[in-house]
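Visitor: Sequence first, then the predicted structure, then my questions.
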Amino acid sequence: METTTAAEVRQGVTRLARRLRAVRSPGTLSNNKLGVLGTLHRNGPSTPGELAETERQQPQSLTRVFAELEADGLVTRARDRRDGRQSVLSLTPAGREALRAEMAERDAWLATRMAELTETERQVLLLAGRLMDAMADGN
């Protein structure tokens, strides 16, 4: 693949991600907290190590994030049934609602912008989004 094509895709993804972060209201959850909540929503209950690996961070880097999410009632922590030395974090109903509210604002902005496109352009973006999601899961 041509590196200029890759660079153009990277630039578009980066600029759109920045713009989506900019439309967030003040006082919203941090990117780390949103990442953890989103991962729990997609993957279900997970150990801190699994979450850190998925988020591509060190577990120690997320220790405070996990504690704050638990203190805020957005996640619960329980002993792992497979390995009693480990804990498992799970999304609470309040965590699900917080994640939904955080995403709704950005989804509304994006839907407004996408409404300006043709149906074909919207379908291309849908396909591109699915492909980027699959690429993000790869190594």
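Guide: Nice, I can see it.

Visitor: Break down this structure into its helices, ranges please.
Guide: 3-22, 31-43, 48-54, 59-71, 93-114, 119-137 (DSSP state H).

Visitor: quick one: the longest one to helix 119-137, angle?
Guide: So the one you mean is helix 93-114. Relative orientation of helix 93-114 versus helix 119-137 (axes from the mean of the first three to the mean of the last three Cα atoms, to 10 degrees): 140 degrees.

Visitor: again, but for the fourth one
Guide: Relative orientation of helix 59-71 versus helix 119-137 (the same axes, to 10 degrees): 120 degrees.

Visitor: in helix 59-71, what's buried?
Guide: By neighbour count on 16 or more other Cβ atoms under 10 Å, the buried set for helix 59-71 is 62, 65, 66, 68, 69, 70. No exception for glycine: its C-beta is placed from N, CA and C like everyone else's.

Visitor: pull the CA atoms of it into PDB?
Guide: Only the C-alpha atoms of helix 59-71 are listed here, as PDB (Å, rounded to 0.1, in the frame of the first residue of the first chain):
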ATOM      1  CA  PRO A  59      -2.500  -2.200  34.400                       C
ATOM      2  CA  GLN A  60      -0.800   0.200  36.900                       C
ATOM      3  CA  SER A  61      -1.700   3.100  34.600                       C
ATOM      4  CA  LEU A  62      -5.400   2.200  35.000                       C
ATOM      5  CA  THR A  63      -5.500   1.400  38.700                       C
ATOM      6  CA  ARG A  64      -6.800   4.900  39.700                       C
ATOM      7  CA  VAL A  65      -9.300   4.800  36.800                       C
ATOM      8  CA  PHE A  66     -10.700   1.500  37.900                       C
ATOM      9  CA  ALA A  67     -11.000   2.800  41.500                       C
ATOM     10  CA  GLU A  68     -12.800   6.000  40.500                       C
ATOM     11  CA  LEU A  69     -15.200   4.100  38.200                       C
ATOM     12  CA  GLU A  70     -16.000   1.800  41.100                       C
ATOM     13  CA  ALA A  71     -16.400   4.700  43.600                       C
END
